[in-house]
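Undergrad: sequence and computational prediction follow.
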Amino acid sequence: MYGDTFVGKFKTRTWLYSFCLLQILIFVFIVSSMATKLWVYGSFFGTSFQGSLNASETQNSMSYYSLSLSYCEIYKDTHEKSMSSLCKLFTNLFKAMAFYIAFEVISLSFLALWFYTIWGILKKKDLLKLAIVFAIISCVSHCLACIIWFSITEANFKDDCSDEEINGETPKICASDGPALVIFSTVLHSGLTISYILVTKYAYKKFILPKYRVVPKTAKRCMTVEIPHATVRIGSLADGTPQTASESILTLEPITSKRKRRTNTGLVDVFGIN
């Protein structure tokens with residue numbers, strides 16, 4: 001459909017291939033960020049803490065869900081403020097992980113659909129609007145995953161995560177490799193989505209739309225054709241005698257259900273031309 005039309009200094013086909021490569025790169029970054037073992041770290045009661053997206057690496061790789069249940073149960077029995085703080089910490093990490101994975105699954109799913117539709121466009125299929133929808137959903141889901149995770153965990157990159165005394169408050173934690181990859185992929189994903197929309201819209205409006213645009217019915221106009229020295233049979237009289245007109249000017253209109261044309265003698269049924 002787009003052929004060899006140019007957008008800027010490159011052909012539209014070249015842009016689409018580059019978008020596919022960037023989509024693969026974003027997919028790799030997202031999966032790598034989820035697989036990395038260092039997402040958060042901190043120090044509580046003089047003991048260092050490191051964790052991945054879903055588990056604590058310093059506590060035998062126990063999941064945040066199991067740790068939250070354990071510390072919350074201890075807090076119910078002892079009512080110690082320190083246990084309350086750890087209960088809040090691991091509960092927040094578990095919630096953040098759940099929301100993050102849910103939105104990233106949506107993002108990756110629509111990223112794959114977006115990739116598929118671009119290949120469809122390269123094969124001259126009319127999937128432009130569908131591809132834009134997939135691109136926006138994928139990008140928004142990825143951004144929401146990043147925002148929600150940081151909002152729930154309150155992690156930061158300031159490297160100030162040491163809480164020797166925690167009295168019922170949620171301990172401070174610092175973000176590490178995983179969140180850094182997430183932020184980078186989010187910026188890349190957003191830039192790719194915006195670039196794709198701009199490039200394809202420009203190509204569609206400037207080069208493709210004029211070639212494939214269907215003229216609306218309201219835009220159709222009458223056409224006047226002069227036929228010199230022609231005899232047009234426009235009907236017959238009541239007694240069966242044919243009525244003719246020589247050197248008529250015919251004005252052709254869009255064909256209707258009763259197929260009528262306008263001549264210089266008025267609106268009549270046209271049966272043929274001799």
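TA: Everything's here; your move.
Undergrad: any regions of the stretch 51-200 of the chain where pLDDT drops low?
TA: Low-confidence segments of the stretch 51-200 of the chain (pLDDT under 70): 163-166.
Undergrad: could you pull out the strands for it?
TA: 55-56, 62-63, 162-163, 174-175 (DSSP state E, counting those that start in this stretch).
Undergrad: kindly report the domain assignment for this protein.
TA: 6-212, 219-273 (automatic domain parsing).
Undergrad: any chance of the strands of the stretch 51-200 of the chain in CSV with mean neighbour count and distance to Leu128 as columns?
TA: Where you see a C-beta, it was placed from the backbone N, CA and C, and this is true even at glycine. As requested, the strands of the stretch 51-200 of the chain are exported to CSV (neighbours: other CB atoms under 10 Å; distance: least, CB to CB, whole Å):
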stretch, mean neighbour count, distance to Leu128
strand 55-56, 20, 43
strand 62-63, 16, 43
strand 162-163, 16, 52
strand 174-175, 20, 38
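Undergrad: of all those strands, which one is nearest Leu127?
TA: strand 174-175 (37.8 Å; CB to CB).
Undergrad: what's that closest one packed up against?
TA: Here strand 174-175 is seen to pack against strand 40-44 when contacts are counted using 3 or more CB pairs under 8 Å, 6 or more residues apart in numbering; DSSP states H and E.
Undergrad: quick check: which helices or strands does the strand it packs on pack against?
TA: Counting by 3+ CB pairs under 8 Å, 6+ apart, strand 40-44 packs on strand 47-51, helix 81-122, strand 162-163, strand 174-175.
Undergrad: looking at the ones you listed, which is closest to Tyr65?
TA: Closest to Tyr65 of the helices and strands packed on strand 40-44, according to CB to CB: helix 81-122, at 4.9 Å.
Undergrad: and that closest one, how far out from the chain middle?
TA: Relative to the centre of its chain, helix 81-122 is centred 17 Å away, using CA atoms, centre = their mean, to the nearest Å.
Undergrad: which other helices and strands contact it?
TA: Applying 3+ CB pairs under 8 Å, 6+ apart, we find helix 81-122 packed against helix 12-35, strand 40-44, helix 64-78, helix 128-153.
Undergrad: take the helices and strands packed on strand 40-44 and write them to a markdown table, including distance to Tyr71.
TA: Formatted as a markdown table, these follow (distance: least, CB to CB, whole Å):
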| stretch | distance to Tyr71 |
| --- | --- |
| strand 47-51 | 13 |
| helix 81-122 | 4 |
| strand 162-163 | 15 |
| strand 174-175 | 20 |
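Undergrad: nearest to Ser66, out of these?
TA: Closest to Ser66 of these is helix 81-122 (CB to CB; 8.5 Å).
Undergrad: helix 12-35 and the closest one, what's the angle between them?
TA: Orientation check (axes from the mean of the first three to the mean of the last three CA atoms, to 10 degrees): helix 81-122 against helix 12-35 gives 160 degrees.
Undergrad: and helix 81-122 with strand 47-51, angle?
TA: 20 degrees.
Undergrad: if we can go back for a sec, dump the helices and strands packed on helix 81-122 to TSV, plus distance to Ala175 and mean neighbour count.
TA: Converted to TSV, the helices and strands packed on helix 81-122 look like this (distance: least, CB to CB, whole Å; neighbours: other CB atoms under 10 Å):
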stretch	distance to Ala175	mean neighbour count
helix 12-35	11	17
strand 40-44	6	19
helix 64-78	15	16
helix 128-153	8	19
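Undergrad: circling back: Leu111 is nearest to which of the strands of the stretch 51-200 of the chain?
TA: Nearest of those to Leu111, taken as CB to CB: strand 174-175 at 23.3 Å.
Undergrad: give me the contacts around that closest one.
TA: With contact meaning CB atoms under 8 Å, 6 or more residues apart in numbering, strand 174-175 is reached by 39-42, 150, 153, 155-161.
Undergrad: how about CSV for those residues, with distance to Thr58 added?
TA: Shown next, in CSV, are the contacts of strand 174-175 (distance: CB to CB, whole Å):
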residue, distance to Thr58
Trp39, 13
Val40, 11
Tyr41, 9
Gly42, 10
Phe150, 22
Thr153, 17
Ala155, 16
Asn156, 20
Phe157, 20
Lys158, 21
Asp159, 18
Asp160, 19
Cys161, 13
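Undergrad: fine by me, thanks again.
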